[in-house]
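Enquirer: Following is a predicted model, sequence given first.
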Amino acid sequence: MSKLKLEIVTAEKSVFSGEVDSLTAPAHSGEIGVLPNHAPFLTMIDSGEIRVVINNEETFMVVSGGFLEVMQNKVTILADTVERLEEIDQERAQESLVKAQQKLNSKDSDVDFERVLASIRKSQIRLNLVNKRRKNRPGKPNVSSS
């Protein structure tokens, strides 16, 4: 079966580099899927879940925005931040969500609402991915919703 080259990078590091069967990402205009030999295009990506398939095995990541380019059977994702499912600390994500919600509900006039809402969205995406994908994965602990 034909493969597709995938590079996922942030300003700090290379997150993934290798050949994949397919990927799905949260494009600005909706979720997109990319298969080998896809037509070239460039799009903005939103915060959400990236799903990569390699030899019928799925790998999941959380992305917080950036760009996705398809060119000559290669996909490059330039992301603001990316976390692999295995790297997500559920407790820390829950604490971040609670703190951001408290800031949003505070009477403090110095609250940067855009930043707080972005933090809430990122925490919710991380928690949703953990709850949805870690269950029923061999070798992974079961994670229940709070």
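Expert: Yep, it's here. Numbering: from 1, shown residues only.
Enquirer: Could you use CA atoms for every contact and neighbour count after this?
Expert: Noted.
Enquirer: now the residue sitting nearest the centre point of the chain: how far from residue 15?
Expert: Centroid-nearest residue in the chain, with CA atoms, centre = their mean: residue 62, separated by 1.9 Å. Using CA to CA, to the nearest Å, residue 62 is found at 11 Å from residue 15.
Enquirer: Repeat that for residue 30.
Expert: Residue 30 is 23 Å from residue 15, by CA to CA.
Enquirer: which of these two has more neighbours?
Expert: Applying other CA atoms under 10 Å to residue 30 and residue 15 shows that residue 15 carries more neighbours, namely 16 against 9.
Enquirer: And the helix or strand containing the more buried one, what does it pack against?
Expert: Using DSSP states H and E, residue 15 falls within strand 14-20. In terms of contacts (3 or more CA pairs under 8 Å, 6 or more residues apart in numbering; DSSP states H and E), strand 14-20 is packed against strand 4-9, strand 41-54.
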